Structures are given as structure tokens and as C-alpha cells.
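Novice: Attaching a predicted model along with its sequence, questions to come.
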Amino acid sequence: MTFQTAILLPSQESLLHRLQHVVLYGQQLTVLTGDAGAGKTTLTTALVDTLDDVSSALVVCPQHVDSAEIRRKILVQLLTEPVFDDEVPLPETLLRLCDTLPSHSHIVLDDVQYLPLELWAECIVLSQLSLAGRKLSLTMTAPADYLNQILAQLPDTQRPLLLPVAISPLTMPEREGLYYTLLHRSEETPFTPREIVKDQLQRQQGTPAEVVNLLYLALHGESTTPKKRPWPVYLAIGACMAFLLASLYWFWTEAEDVVAKPKVQTVAAVRADAFNQGYGQILLSGYFDERGRLSERVQESADVRVEAAEVARQSKTQPEDELEDELESEIESEIEGAYSQDEALAHQDEHQAEQALLSQQDTPVQTQQAQWSQASGDAKAVDKQVETFAVEPVSEPNESRNLGASTASMLHPTGYTLQLATVKRLESLDATIAKLPDANQVQIARYKSYWVLLYGQYTDRQAGKQAALDLAQTALLPSPWLRAWVDLSGYELQQGSVSREIH
């Protein structure tokens, strides 16, 4: 008898015997319900300890848990050689691996109120699953309110598949017995009258946690908490301090004149400013002079044309519309010619001014221009090199280095094969492949983000089992997993054979 079963109360022992009977002979999903502190975890732990001939898997469900983690914790405890995929539902995995399961398996899930709903559905299917020569039972713990929510979501045909088992409150003799038993084990003698203890126990709901809390209170007393001052007092103190600081600042501080820091003028900056102004005036002086003369000529020509049109209108030698059109066309052509001449003169003056200014500059200016030209040429060379690199394709590292020239999917053959390993990185298969007697029978498959090592091809299941035994003896590998090619429809076989470079 273990420590957990040694401290059980009579009502808890009776409930434990009932749970044992349901596990051994029942066909329903047992759900043990009770409030917090009622002893659900204690009963399930005692149930696992008392079932000697049953292989049990006990999993405590944490908050915000995902389905893959719970599946992994269950299968690791049930299977001797855990070769499985935790993304596959539990019924499908156990059906495929039923040969490796013990004769009677028992799954215990504590605090199932944190489980996803998809795992609830999988557990209901597992409770009704029929395995060849194998028995499977499930026990879960949850609060009564949460179980009522689950039952409300199930259809009427599936509600009988769940067997709720409620934990009854402790009777008064059990409460007193538990209190004084724990008090005796604590080896302390607090001065608490029996009548007061009995009165306090009668006011409780009847859970073991309440009895333990009452004993802790009798041994250690209530925790003293410091008295907190009300927040208006702190608010008033803060307001007074702020008013005092504002008054001191108002009477004692004086406004300081902000003196703007003058801009520091250097000799180089003054010379550069004068050079830029002179250079701009030389470049644009001819342009603006010619533009002024052009505008004067255009204005004079327009006045002359207007006077001529006025005289012609008075003489009525031509129609009025023809005179206006002819006048407008002549003015436009003359303006365009003047602007063309003005632009040519402006370019010529600009070139002459630039040559004159460059001739007046010192040697450092010419050197700087040469450096600018060289930098411009280097920049063009760099751009050309970048374009060359952009055209060339970038070769990515080939993850399937030993799978031949192509990694496209292949059609699956018929029959059976042996699955030896499932890894994340392809390089992890090197050591396993090195132990195999014939590398030509090795095949690599891709399943989601995993690489799967397959070996051999067999027509019937008996030949595959014999090959697995021979391979386990010759290559010193764990028992290979015999798989049917029909079950590997989701695996993508890679083209090509494994080269001996993998050694």
C-alpha cells in the first residue's frame, strides 16, 4: 500500500473501488467531478497505483496546452518504442500501433478543463474503440460546471458515452478524523478547544482542502497585513507638495534671457560664399541681358504690327479675320526665332564664363574636379557590376544533396517497406544509412518538415517482418517499423538513389 492509499478516508476508498470496477469492466469515458480541493488528483493517483496489471498513462493538463503536446505525453507512456507523429489523432495512431500496445491500457487526464475540444472528441472515440486483443479505458477529472457545458454541446446519442462520477462531501466524522490525524502528524499541540474546531468544521462545504486550511490556521494563525492608508490622504499630501514647489518657483526664479549663439563665420566659408556668388553672376549675366533685349525687340515688333493692322483695318484692303491671323502668325514666328537666338547666345556666354572662371581657379579646384570625374566613373563601374550580379542566378544550398539531381515526388509502389528514422535535418540520417548493408534499397521521403528513411520493398507482411528482424540483428538498429505503402500516401518520395558520399 502506497502513501496515497494509506491516507484515504472511508468515502474516498469506496469511490476508489468504484473507479477500479469501471476501469476494468466498463465501456464508458469516466469523468470524475468535484470542486477545487475535493481530492480529484489524489483519487486518480491512487487509482493508477492500485491497478497493478494495467499499463497507465497519467497526464496533468496545464493551461494553454496544445493537442500535440498531450498526444505526445500519452503515447510516450504507452508505447515501448515511441515512433509516432503527434499531429495525427490518437485513435488513428493507436489503431496503427495496436500490436505494440499492452494488453490493457489506461489513460488518466487530470484537469481536462484546459484541453482543446478536439482532444475531447478523440477521447470519446477512444473509449468506444475496439482493438484486436487489447483493452483501452479512460478516466478524466474536471469541475462539475465544465462537464455540464460539455454535455450541453454533445448530441443526445453521445451523452450516454460519458459516465460522470461526483465526489461527495466528507461527513463530520471524516472531517474530524482528518483534522486530528494531520494534527498528530504535525507533532504540535495548539490550544484550540474541540468545540470550536467542531463548529468550524460544520460551517465548511466538506472538502479535504478546507480541513487542511483550518489546521494551518490553528498552527500558524492569520497572516498579519499592514494597514493601508486611504488614497485621499496621499492625494492631499501630493497636492500640498505640488503647491509648495510652485510657490517657491514663482518667488525665487527669474526669467533668463536666452542669448542666441551667433553663427561662426570661418575664412573658408566666406571665400566659398563669394566664389559661388561670383560664379552664378558670370553664368547668368549674359542670359538675363539677352532676355531683356529680346523682350524689348518683341514688344517693339508687336507695337509695329498692331499699328500696321490698324492701318490695314482702316483702309479695308483685306478682311479683318485674315489680317488678325496673319498678324498673330508673324508675331509668333518672330518670338520663336528670338528665343532660339537668345538660347544660343546664353549657352555661348555660359561656356565662355565657365572657361574664364576655371582658368582663374587654383590647382586644387582642378584636382577636385578630376576626383569627381574619377568617382563618377567608379560609380558607373559599380552599377554595371551590380547589374551583372543581378542577372546571374544565385545558387541556393541543396538540402537534398544525396537524393540525385531531382527531388520531385514519385509514385508510391505497392506492398510494404521498413521505416527506420524520422528526423528534421537530412544530415542526421548519415549515421543510420552507414550501418545499412545495401544502400540501393534506401529511399528518402518528405513528410511535412521531416525527412523519413525507408528501406526495402516487400510484397507481403510476413516477408517485411522477417526482413525487419534480420536488419535489426545485422545493422544493430532498433526494431524497424513495418509500414504499408498505402499508409504512406502523405509521404513524398524523392527521386534518385542515395550515393555513398553520405558516408
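Specialist: Now that the structure is in, tell me what you want to look at.

Novice: Could you list the low-pLDDT ranges of the chain?
Specialist: The chain contains residues with pLDDT under 70 at 1-6, 82, 222-231, 253-265, 267, 306, 308-412, 495-503.

Novice: Swap in 50 and give it another go.
Specialist: 1-5, 224, 255-261, 316-320, 323, 339, 353, 356-357, 359-409, 497-503 (pLDDT under 50).

Novice: Domain parsing of it, as residue ranges.
Specialist: Domain segmentation of the chain under automatic domain parsing yields 3-166, 172-220, 278-357, 409-502.

Novice: Columns distance to Arg271 and mean neighbour count on top of those domains, output as a markdown table?
Specialist: For glycine as for every other residue, the C-beta is placed from the backbone atoms N, C-alpha and C. A markdown table is the format used below for the domains of the chain (distance: least, CB to CB, whole Å; neighbours: other CB atoms under 10 Å):
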| stretch | distance to Arg271 | mean neighbour count |
| --- | --- | --- |
| domain 3-166 | 72 | 16 |
| domain 172-220 | 88 | 14 |
| domain 278-357 | 11 | 13 |
| domain 409-502 | 67 | 16 |
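
Novice: which residues in the stretch 1-150 of the chain form strands?
Specialist: 29-33, 55-60, 104-110, 135-142 (DSSP state E, counting those that start in this stretch).

Novice: out of those, nearest to Phe275?
Specialist: Among these, the nearest to Phe275 by CB to CB is strand 55-60 (83.4 Å).

Novice: List of residues touching that closest one?
Specialist: Strand 55-60 is contacted by residues 41, 44-45, 48, 70, 73-74, 77-78, 102, 104-111 when judged by CB atoms under 8 Å, 6 or more residues apart in numbering.

Novice: Dump the strands of the stretch 1-150 of the chain to TSV, plus distance to Leu182.
Specialist: Below are those laid out as TSV (distance: least, CB to CB, whole Å):
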stretch	distance to Leu182
strand 29-33	23
strand 55-60	24
strand 104-110	23
strand 135-142	23
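
Novice: Among those strands, which comes closest to Ala475?
Specialist: Here strand 55-60 is closest among the strands of the stretch 1-150 of the chain (CB to CB), at 29.5 Å.

Novice: tell me the phi and psi of Ser103?
Specialist: Main-chain torsions, Ser103, degrees, to the nearest 10: phi -70, psi -40.

Novice: which ones are touching it?
Specialist: Ser103 is in contact with 133-135, counting by CB under 8 Å, 6+ apart.

Novice: Specify which member of those is nearest to Leu294.
Specialist: Arg134 (106.8 Å).

Novice: where's that closest one relative to Leu126, distance?
Specialist: Plainly put, Arg134 is 12 Å away from Leu126 if you go by CB to CB, to the nearest Å.

Novice: before we move on, what about Leu245?
Specialist: In terms of CB to CB, Leu245 sits 71 Å off from Leu126.

Novice: Considering the contacts of Ser103, which is situated nearest to Glu300?
Specialist: Comparing the contacts of Ser103 against Glu300 with CB to CB places Arg134 closest, at 115.7 Å.

Novice: so the closest one touches Cys98, yeah?
Specialist: Yes. Using CB atoms under 8 Å, Arg134 makes contact with Cys98 at a distance of 5.8 Å.

Novice: Would you mind telling me which of the strands of the stretch 1-150 of the chain is nearest Asn276?
Specialist: Nearest to Asn276, of all the strands of the stretch 1-150 of the chain, is strand 55-60, at 80.4 Å by CB to CB.

Novice: what pairs with the closest one, and is each one parallel or antiparallel?
Specialist: Strand partners for strand 55-60, identified by DSSP bridges, are recorded as strand 104-110 (parallel).

Novice: angle of the strand it pairs with against strand 29-33?
Specialist: 30 degrees (axes from the mean of the first three to the mean of the last three CA atoms, to 10 degrees).

Novice: quick one: contacts of strand 104-110?
Specialist: Residues outside strand 104-110 that contact it (CB under 8 Å, 6+ apart) are 23, 40-41, 44, 47-48, 51, 53-61, 70, 74, 78, 115, 123, 126, 134-141.

Novice: cool, and stretch 72-90?
Specialist: With CB under 8 Å, 6+ apart as the criterion, stretch 72-90 contacts 55-59, 68-69, 71, 93, 97, 100-102, 105, 107, 118-119, 122-123, 126, 419, 422, 447-448, 478-479, 481.

Novice: Dump the C-alpha coordinates for stretch 36-55 into PDB.
Specialist: Only the C-alpha atoms of stretch 36-55 are listed here, as PDB (Å, rounded to 0.1, in the frame of the first residue of the first chain):
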ATOM      1  CA  ALA A  36     -11.400  22.600  -6.200                       C
ATOM      2  CA  GLY A  37      -9.700  20.800  -3.300                       C
ATOM      3  CA  ALA A  38     -12.200  17.900  -3.300                       C
ATOM      4  CA  GLY A  39      -9.400  15.300  -3.900                       C
ATOM      5  CA  LYS A  40      -9.700  14.600  -7.600                       C
ATOM      6  CA  THR A  41      -6.000  14.400  -8.100                       C
ATOM      7  CA  THR A  42      -5.500  12.300  -5.000                       C
ATOM      8  CA  LEU A  43      -8.100   9.700  -6.200                       C
ATOM      9  CA  THR A  44      -6.700   9.500  -9.700                       C
ATOM     10  CA  THR A  45      -3.200   9.000  -8.400                       C
ATOM     11  CA  ALA A  46      -4.400   6.300  -6.000                       C
ATOM     12  CA  LEU A  47      -6.200   4.700  -8.900                       C
ATOM     13  CA  VAL A  48      -3.100   4.500 -11.000                       C
ATOM     14  CA  ASP A  49      -1.100   3.000  -8.100                       C
ATOM     15  CA  THR A  50      -3.700   0.300  -7.300                       C
ATOM     16  CA  LEU A  51      -4.100  -1.000 -10.900                       C
ATOM     17  CA  ASP A  52      -1.100  -3.400 -11.000                       C
ATOM     18  CA  ASP A  53      -1.900  -5.400 -14.200                       C
ATOM     19  CA  VAL A  54      -2.900  -2.300 -16.200                       C
ATOM     20  CA  SER A  55      -0.400   0.000 -18.100                       C
END
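
Novice: could we number from 5 for the rest of this?
Specialist: All set: I'll call the first residue 5, so the last point we hit is now stretch 40-59.

Novice: now that stretch, how far from the centre of its chain.
Specialist: Taking CA atoms, centre = their mean, to the nearest Å, the mean C-alpha location of stretch 40-59 is offset from the chain mean by 37 Å.

Novice: what's the answer for stretch 107-124, then?
Specialist: Here stretch 107-124 is found 27 Å from its chain centre; the criterion is CA atoms, centre = their mean.

Novice: just the helices in the stretch 205-354 of the chain please.
Specialist: 212-224, 235-256, 271-319, 324-364 (DSSP state H, counting those that start in this stretch).

Novice: Repeat that for the stretch 355-504 of the chain.
Specialist: For the stretch 355-504 of the chain, the helices defined by DSSP H, counting those that start in this stretch occupy 367-395, 434-439, 465-478.

Novice: What's the local residue count around Ala278?
Specialist: Counted by other CB atoms under 10 Å, the residues lying close to Ala278 total 10.

Novice: hmm, I was thinking of Cys244
Specialist: Residues contacting Cys244 under the criterion other CB under 10 Å number 10.

Novice: how close does the spatially most central residue of the chain sit to Asp90?
Specialist: Residue closest to the average C-alpha location in the chain (CA atoms, centre = their mean): Asp70, at 14.1 Å. Noted for Asp70: a distance of 10 Å to Asp90, by CB to CB.

Novice: next one: Glu431
Specialist: Using CB to CB, Glu431 is found at 23 Å from Asp90.

Novice: can you check Ser251 too?
Specialist: According to CB to CB, Ser251 and Asp90 sit 70 Å apart.
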